[in-house]
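Undergrad: Here's a sequence, model it:
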Amino acid sequence: MSTTTYQVTGMTCGHCEMSVREEVGQVPSVETVEVSAQTGTLVVGGPQTIDDAQVLAAVEEAGYSAVPVR
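TA: The predicted model follows:
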């Protein structure tokens with residue numbers, strides 16, 4: 001299982017978390033999505049390496065911006 005953590009800017013509540021979770025959950029090969037507005041983190045997991053560009057585009061589609069945490 002591969003996991004990647006992202007720092008998300010702009011989330012303030014549970015609705016924000018839900019929006020990000022729904023969009024990122026549609027990215028191919030994403031199996032798990034953990035979002036925290038309190039810490040501003042997004043942790044994405046799947047059976048193979050997940051394309052950062054697709055995750056970042058999904059976060060943007062939800063109305064937020066993100067960067068990978070390495």
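
Undergrad: ok, what's across the strand from the closest residue to Thr32 other than its chain neighbours?
TA: Leaving aside its sequence neighbours, Thr32 sits nearest to Gly45 (C-beta to C-beta, 6 or more residues apart in numbering; 3.9 Å). C-betas here are computed from N, CA, C, even on glycine. Bridge pairing for Gly45 (DSSP bridges) gives the partners Thr3, Thr32.

Undergrad: Repeat that for Val69.
TA: Beta-bridge partners for Val69, by DSSP bridges, are Thr5.

Undergrad: what residues are up against Gln26?
TA: By C-beta atoms under 8 Å, 6 or more residues apart in numbering, Gln26 lies in contact with Ala58.

Undergrad: what helix or strand does it sit in?
TA: Assigned by DSSP states H and E, Gln26 belongs to no helix or strand.

Undergrad: Was I right to think Val44 contacts Val8?
TA: No: under the criterion of C-beta atoms under 8 Å, Val44 makes no contact with Val8, lying 11.1 Å away.

Undergrad: between those two, who's got more neighbours?
TA: Taking other C-beta atoms under 10 Å, Val44 and Val8 do not tie; Val44 has more neighbours (26 against 23).
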